[in-house]
Every structure is written in C-alpha cells, then in structure tokens.
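Novice: Quick one, what's the 3D model for this:
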Amino acid sequence: MQRLPAGVSLNAVRAFDAVARSESIKLAAEALFVTSGAVSHQLKQLEQALGVLLVHRSNNAVTLTQEGRAFAAAIGPALETIAQAAHRLTRDANGLDMHVSATLAMRWLIPRLDGFREQNPAIRVRLETTNDPAPHLQDDIDLAIVYTRGPSPHRLAQPLFADWCGLYGAPEIAAAARGIGDLVTAPLIAATQDDWDWQLWALANKLDFAQLNLRHRFDIDDAAIAAAQAGMGVVLAPEIFVRRECETGTLVAMPGTSAMRFGTYWVIPAPTARRPVEIMLAWLREVVGQDAL
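Specialist: Prediction:
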C-alpha cells in the first residue's frame, strides 16, 4: 500500500484542491468552513513537503503553477472517489435517491408520491431532476428513470411505460380545427432538440415538415404543455403527462389525430439494490398498472 509522503496530510491536499478550484484562498476557506489563515498554512506545509511551488500568490489572488495544475488534475478525481465511497457507507439506510427528468417528476411522479409515502413512511425519497434526456445512473443514485427512443439503455433497465404522444390544444384551438390538414398552418409548440418528434409525426402523416408552423419553442415538455393550456398553440405531448388537463377540459385532443409511440421510459436500479429500491420498483409497477386501467 502506498503511503503519503512525509509531511503531506489529506487535509492539506483537500485545502489545495479547494484553492485550485476557486483560485482564491478566501473562497477555499469558506468552502471548507475554516479560516483563510488555516488554508494558507496548510498550503505552505504541502508545498514544503512536496518540494515544489503549487501556486503563485499576488495580493488576495492565487494562480496555479505548472506543477500545481498537474497536481490538481491528478487529485481531483481521487478526492471525488473518496467522497463517493464515504457517502455510500454513511447513507441513510432508509434513504432513496432517484434521478428523473424534470417533466416526468412534475407531471407524473410527484403527484403520486404521497401514495408511496403513506404505504412506506420510513423511506425518505430524494429526487434529483434534470433536463438532460441522456440515460445515466450515477454512483450515488439508487434508481433512475430514463427515456430512450431505441432499445434498452442499460443491462439492468426495466421498461416502465411506453411513450404514446398525441396532439393537444386549448378548447378554442381544437374547435377551430377539423382534421390533420388544418394543422399545417396552425401554431405549433416545440419542446425537443431538432424537433425530432414533429418530424416523425409529419412523416407518419405524410405531411411536409418544412410547412409546419413551429411558432413557439421551449426546453421542456412541462413548459410546452403550459403554453398549450394558455392557448398559444398545439403541443405534441405524452398522453400520461396531459391526463389531468384533459380530464379538467383545459386541453383537448385535436380532432382527426391519433397518438403515436415515440419511445419508452425505463427504470434502472443500482447494481447493488437495497430494500428501499426493491420497494420503490414494486410500487412503480403497481402505479403504472393502475394508470393503464
């Protein structure tokens, strides 16, 4: 086992890492909840132990030397690995960390979570949301729900539900349309990169995508659905995300259109699934089954 060189402490390495990230002794001290003097002292001790100059000091600012940049690049990933390992060991046995898209969380998962908490009051669910559609399962995440247009994104992935999308608009928008032909000139709302969903819809309905009036653009489905409710145009959205709006009548399926399947939502448990993960997986399958009724 390799040991740290004499005089090199892990606290000093952490202090240098904080300085390297912020290029400021003051900001590093704030991040570590110590004084600036303590950070300066640890930095000097580290330089003396290593026998190299790691930073250039100028008034209150610091810049990394060539050796400092190389050392920072090497220790950053190592410290992150240590932090992740410690986090895994000290995590709350009843905690459950989930990674889901922002729209899926707001429009499907969060409205149903009270039911999970009533059945499992001891399990504490923590949600991490993102607008990034790329599937991934981080080391500190117990469960991820991801979306793909193609095959399974992970060897542990289980299909949760299919992404069936339809065209929806406010009642006054729907009343003015008689069929698909009217949608060529109707104001449309986009919420995907490169408008891939509208392109596939146009192809399936034998329409010229270039002729579509994509008037409004948003970065997530939730914003696009809200815009459709406000009467700004027609949105192409997952049925499961607009069920509540259709039930209350604030959104209406556009006449003469039918839903298309674009992809699949998958649930991916961590490789070493704990009991709370198994309980959440069973509950998700139960909720999806109830939604299908």
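Novice: State the distance from Leu43 to Arg244.
Specialist: Counting by Cβ to Cβ, to the nearest Å, the separation of Leu43 from Arg244 is 56 Å. For glycine as for every other residue, the C-beta is placed from the backbone atoms N, C-alpha and C.
Novice: Among these two, which residue is more densely surrounded?
Specialist: Leu43 (22 against 13; other Cβ atoms under 10 Å).
Novice: right, and the more buried one touches Ala18 too?
Specialist: No. Leu43 lies out of contact with Ala18 (Cβ atoms under 8 Å); the separation is 9.8 Å.
Novice: buried residues in the strand ranked longest in the chain?
Specialist: For the chain, the longest strand by residue count, based on DSSP state E, is strand 158-169. Neighbour counts over strand 158-169 (16 or more other Cβ atoms under 10 Å) mark 160-161, 163, 165-169 as buried.
Novice: repeat for stretch 111-125
Specialist: 116, 120, 123, 125.
Novice: likewise stretch 185-193?
Specialist: For stretch 185-193, a neighbour-count test (16+ other Cβ under 10 Å) marks 186-192 as buried.
Novice: What are the boundaries of the helices in the stretch 101-250 of the chain?
Specialist: Along the stretch 101-250 of the chain, counting by DSSP state H, counting those that start in this stretch, helices occupy 102-104, 110-119, 171-175, 196-204, 221-229, 243-248.
Novice: Pro269: which of those helices is closest?
Specialist: Pro269 sits nearest to helix 110-119 of all the helices of the stretch 101-250 of the chain, at 15.6 Å, using Cβ to Cβ.
Novice: What is the burial count for Ala20?
Specialist: Counted with other Cβ under 10 Å, the neighbours of Ala20 add up to 20.
Novice: just Arg275 next, same as before
Specialist: By other Cβ under 10 Å, the residues close to Arg275 number 11.
Novice: measure it to Leu281 for me?
Specialist: 11 Å.
Novice: do the same with Ala12
Specialist: Note on Ala12: its distance to Leu281, by Cβ to Cβ, is 44 Å.
Novice: Between these two, which is the more surrounded one?
Specialist: Ala12 (21 against 16).
Novice: so what's the more buried one up against?
Specialist: Neighbour list for Ala12: 42-43, 45-46, 49 [criterion: Cβ atoms under 8 Å, 6 or more residues apart in numbering].
Novice: Now with 7 Å, please.
Specialist: By Cβ atoms under 7 Å, 6 or more residues apart in numbering, Ala12 lies in contact with 42, 45-46.
Novice: nearest to Asp142, of those?
Specialist: Nearest to Asp142 among the contacts of Ala12, counting by Cβ to Cβ, is Gln42 at 35.2 Å.
Novice: does the closest one count as helix, strand or coil?
Specialist: When classified by DSSP: H, G, I helix; E, B strand; the rest coil, Gln42 comes out as helix.
Novice: That one reaches Ala15, doesn't it?
Specialist: Yes. Counting by Cβ atoms under 7 Å, Gln42 touches Ala15, with 4.1 Å between them.
Novice: Name the helix or strand of this structure that has the lowest mean pLDDT.
Specialist: One helix or strand of the chain scores below all others by mean pLDDT, DSSP states H and E: helix 66-90, with a mean of 81.
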